[in-house]
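Visitor: Whatever this is, show me its structure:
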Amino acid sequence: MILVLTGPVHGGKTSFLERSLARWTGRGLACGGFLSIAAADAKGAKSYDLLELQTGRRHPFLRCEGGPGAERSGPFFFVPETLDLARRIIRTAGPGGLLIVDEVGPLELRGGGLWPALQETVGRPGGNILLVVREEILEDVTAALAPVVPLVFDVRAPGVRELLERNLFGPGEVDEDQS
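Guide: Below you'll find the model as predicted:
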């Protein structure tokens, strides 16, 4: 099953996942993959780190400056070693549990970044994947995933946590008392 968490840029998608992960793992859901966490580089410029969900380790992921051959996405360059790590995390995800990929962006739509690994993984049986996608490219990402049709959840929608958890845990398995 492919799930998509969408919303605007800086709209709280990663924060929503950060708040949800402890609850989900506490309920027995094995969560793997990674989050892209806002950070600052050595010069204080905005950047992003990759947070490995299995280990809790952070790695420099997107920076304002890149070396030769570094893939670019908007104003940022991927740190090649960390991009390779992200691809490995996606490719080695086993069945069961939930693979979280934060985020799928314009570079992936052009076949770069995480896309090669995602193409290999999306069609595997028994895998549950949650992709984080900006709302302005949601339609394009959905089309690129075809023939797979993802279930889409907007981070701004009332009750989005409960709706998402019904799909992760099944009907009647939502813990309404936790926020």
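
Visitor: pLDDT weak spots in this protein?
Guide: 172-179 (pLDDT under 70).

Visitor: in the chain, which spans are strands?
Guide: Along the chain, the segments classed as strands by DSSP state E run 2-7, 31-40, 46-52, 58-63, 72-73, 76-78, 98-104, 129-134, 151-154.

Visitor: Kindly reformat these as CSV containing distance to T121.
Guide: Placement of C-beta: from N, CA and C, glycine included. Listed next are the strands of the chain as CSV, based on distance: least, Cβ to Cβ, whole Å:
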stretch, distance to T121
strand 2-7, 10
strand 31-40, 10
strand 46-52, 17
strand 58-63, 19
strand 72-73, 20
strand 76-78, 18
strand 98-104, 7
strand 129-134, 7
strand 151-154, 17
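
Visitor: Those into a markdown table, with extra columns for mean neighbour count?
Guide: Formatted as a markdown table, the strands of the chain follow (neighbours: other Cβ atoms under 10 Å):
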| stretch | mean neighbour count |
| --- | --- |
| strand 2-7 | 21 |
| strand 31-40 | 19 |
| strand 46-52 | 20 |
| strand 58-63 | 20 |
| strand 72-73 | 14 |
| strand 76-78 | 22 |
| strand 98-104 | 24 |
| strand 129-134 | 23 |
| strand 151-154 | 17 |
